[in-house]
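*Asks:* got a predicted structure here, sequence first:
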Amino acid sequence: MRIGMLVFLGILVGALATSQVPRSYKADVEPILVKECSECHGGERPKKGLDLSADKGYANLVGKKSQEVPELLLVAPGDPENSYLWHKLQHTAKEGKGMPRGIFSSRKLAEQDLQVIREWIEQGAKP
């Protein structure tokens, strides 16, 4: 009985340690994209027609085809490896340059921000 309880507790602790925080676009992802991307992908003439400004990004990303690689969705819920946004942010896209872009070069987002976006996609890209 005692060994069984220890095994159960070990499994429970392991599961809790690896569980992800539930992510949503509005609470977790939108603030990152607005801060890091909407300067170019916002306003009256967003680059590539992709508006990521507040209250617009979700509808323009999830389930929408990429212009540069049409066989990929910008965000494929549950599948970061088949999400063009993920490849752009990782600088692994087959077409175009990594994002976000600076004046002279591209830079990657902070690892913490990348992790939040990946978890959001993995969890089904909820609004």
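*Replies:* Sure, I can see it.

*Asks:* helices of the chain, start to end?
*Replies:* 2-18, 30-37, 57-61, 84-90, 111-122 (DSSP state H).

*Asks:* mean pLDDT lowest for which of those?
*Replies:* Ranked by mean pLDDT, the helices of the chain end with helix 2-18 at the bottom, a mean of 47.

*Asks:* I figured G43 hits S53, correct?
*Replies:* Yes. The pair G43 and S53 passes the contact test of Cβ atoms under 8 Å, sitting 7.1 Å apart. Backbone N, C-alpha and C define where each C-beta goes, glycine included.

*Asks:* which of these two has more neighbours?
*Replies:* S53 (17 against 11; other Cβ atoms under 10 Å).

*Asks:* P127 and N82, how far apart?
*Replies:* Distance of P127 to N82, computed by Cβ to Cβ, to the nearest Å: 20 Å.

*Asks:* more neighbours: which of the two?
*Replies:* Per other Cβ under 10 Å, whichever of P127 and N82 has more neighbours is N82, with 14 against 11.

*Asks:* excluding its backbone neighbours, what's nearest the more buried one?
*Replies:* Distance criterion Cβ to Cβ, 6 or more residues apart in numbering; nearest residue to N82, sequence neighbours excluded, is A76 at 4.5 Å.

*Asks:* do I have it right that that neighbour meets H87?
*Replies:* No. Assessed by Cβ under 8 Å, A76 is found out of contact with H87, at 11.0 Å.

*Asks:* name the residue in these two with the higher neighbour count.
*Replies:* With neighbours defined as other Cβ under 10 Å, A76 and H87 compare such that H87 has more, 22 against 18.

*Asks:* dump the residue contacts of the more buried one.
*Replies:* L72, A93, K94 (Cβ atoms under 8 Å, 6 or more residues apart in numbering).

*Asks:* give the contact list for the second one.
*Replies:* A93 makes contacts with E68, V69, Y84, H87, as judged by Cβ under 8 Å, 6+ apart.

*Asks:* quick check: buried residues in stretch 73-84?
*Replies:* L73, L74, V75, A76, P77, P80, S83, Y84 (16 or more other Cβ atoms under 10 Å).
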